[in-house]
Structures are given as structure tokens and as C-alpha cells.
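Trainee: compute the structure for the input listed below.
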Amino acid sequence: MREHIEAARRRQGRAATSGARAGAKEPAGRKLEKQLLQQDNRRLREEVERLKGAVRRSLGQQLDQFGAAGLGTRVDELTAENERLQAERDDALAQVKGLNDQLSEAQDDLAGARESLRRMIRTENAP
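Mentor: Predicted coordinates:
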């Protein structure tokens, strides 16, 4: 078991040494260029995030401004519509009451006419 551990340590040591050699083989100009590009990328990402935040805030403010002005107008429109619908409802209820009164009167007339007709038939059929 000890042999396996020592073999693994040797392999790790060789891998670290070969990685250092590979880094040493890379020209200094490329390393510098790579670092500069990474810094630029980081800076650009931060700027993008900052600009996204600014756009979000600006849109939020615009929505708040338009929303507040539009809400007052919308409330007025809905209030007027509500009043109109209430007036229509009141008219419809009055019309229903009138029709119910007419129906009741017509039913009373019909009941009276039936009763009268029954009496007339009884008198005609009486011996």
C-alpha cells in the first residue's frame, strides 16, 4: 500500500513540474496579453452590470411616473362607468317592478275572467 502512495506522490510531482515548464515555455508577451484581456473582460462585465442596473432603475422610474398619472385617469374612468352602470341597473329594476305589477294585474284579471267564465258555464248548464 505504501508503494501506491509513493507512486501517486511521484506522479503528482512530475505533473506539477511539467505544468511549470509549460508555463515557462509560454512567452512573457502572451502572459501579459492574457492578463490584460482578463482584466478588460472583468472591467467590461462590471460595466455591463452597472449599465443594466441603471436601465432597470430608469425604467422603474418611468413606469412609476406613467403609472401614477394613468392611475388617476383610470380611476376617474372606472368611477364614471360604475355610476353609469348603477343608473342602468336602477332603470332596469324600475322596469322589472313595473312589469311585475302589470303581470300581477293581468293574472288577477285572468283569474277573474276564469271565475266569471266558470259561473257562466254553470248557469248555462244548470237545469
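
Trainee: what's the mean pLDDT across the top helix by length along the chain?
Mentor: Secondary structure of the chain per DSSP state H: the longest helix is helix 28-125. The pLDDT scores in helix 28-125 average 90.

Trainee: packing partners of that helix?
Mentor: Using 3 or more CB pairs under 8 Å, 6 or more residues apart in numbering; DSSP states H and E as the contact test, no helix or strand touches helix 28-125. (C-beta placed from N, C-alpha, C; glycine too.)

Trainee: could you shift the numbering so residue one becomes 20, and keep it that way?
Mentor: Shifting the count to begin at 20 puts that one at helix 47-144.

Trainee: so what's the gap between it and the chain middle?
Mentor: Centre-to-centre, helix 47-144 and its host chain are 15 Å apart (CA atoms, centre = their mean, to the nearest Å).

Trainee: now for residue 123, how many residues are close by?
Mentor: Residues near residue 123, counting by other CB atoms under 10 Å, number 10.

Trainee: residue 101 too?
Mentor: Neighbours of residue 101 under the rule other CB under 10 Å: 10.

Trainee: what do you get for residue 80?
Mentor: Using other CB under 10 Å, residue 80 is surrounded by 10 other residues.

Trainee: from residue 69, how far off is it?
Mentor: Remark: distance between residue 80 and residue 69 (CB to CB, to the nearest Å) = 17 Å.

Trainee: how about residue 115?
Mentor: Applying CB to CB, the value for residue 115 to residue 69 is 65 Å.

Trainee: residue 79 now?
Mentor: For residue 79, the distance to residue 69 - CB to CB - is 16 Å.

Trainee: now residue 48
Mentor: Distance, residue 48 to residue 69, using CB to CB: 31 Å.
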